[in-house]
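Colleague: Sequence and predicted structure, then a few things I'm wondering about:
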Amino acid sequence: MSELFTMNSYYIQTKFLRIFGGAFWFKDSNDQLIAYSKQKRFKLKEDIVLYTDESCTQPLLAIKARSIIDFGATYDIVDAVTGE
């Protein structure tokens, strides 16, 4: 089980002036990377995957919108390993 799921708190770091694509670093209180996410900007349907590190080889969690461009959107959060 990832440390991300057992922590009481963590912080998310991003680069402010990224024009195309967004990258997010999830870090613990000791500034250690616990998850990473990179997503494309201007997507019609949100599809966010959190990975164990910046190599993006081992997914942890997937967050997917059920519909396209919906301001009151419903999201499904799925364990990327088990699919549950």
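Modeller: Looks like it came in fine.

Colleague: Now name the helix or strand holding the spatially most central residue of the chain.
Modeller: Geometric centre of the chain, nearest residue: residue 50, 3.7 Å, by C-alpha atoms, centre = their mean. Taking DSSP states H and E as the criterion, residue 50 maps to strand 47-51.

Colleague: Check the offset of that strand from the chain's centre.
Modeller: Centre-to-centre, strand 47-51 and its host chain are 4 Å apart (C-alpha atoms, centre = their mean, to the nearest Å).

Colleague: so what does it touch, helix or strand wise?
Modeller: In this structure, strand 47-51 packs against strand 33-39, strand 59-65, with contacts taken as 3 or more C-beta pairs under 8 Å, 6 or more residues apart in numbering; DSSP states H and E. Every residue, glycine included, has its C-beta placed from N, CA and C.

Colleague: quick one: that strand to strand 59-65, angle?
Modeller: If you take axes from the mean of the first three to the mean of the last three C-alpha atoms, to 10 degrees, strand 47-51 sits at 170 degrees to strand 59-65.

Colleague: Need the CA coordinates for strand 47-51. CSV is fine.
Modeller: Extracted in CSV, the C-alpha atoms of strand 47-51 (Å, rounded to 0.1, in the frame of the first residue of the first chain):
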residue,chain,number,x,y,z
ASP,A,47,-8.4,11.6,-16.8
ILE,A,48,-5.9,11.9,-14.0
VAL,A,49,-3.5,9.2,-13.0
LEU,A,50,-1.2,9.3,-9.9
TYR,A,51,2.0,7.4,-10.2
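
Colleague: Nothing else from me, thank you.
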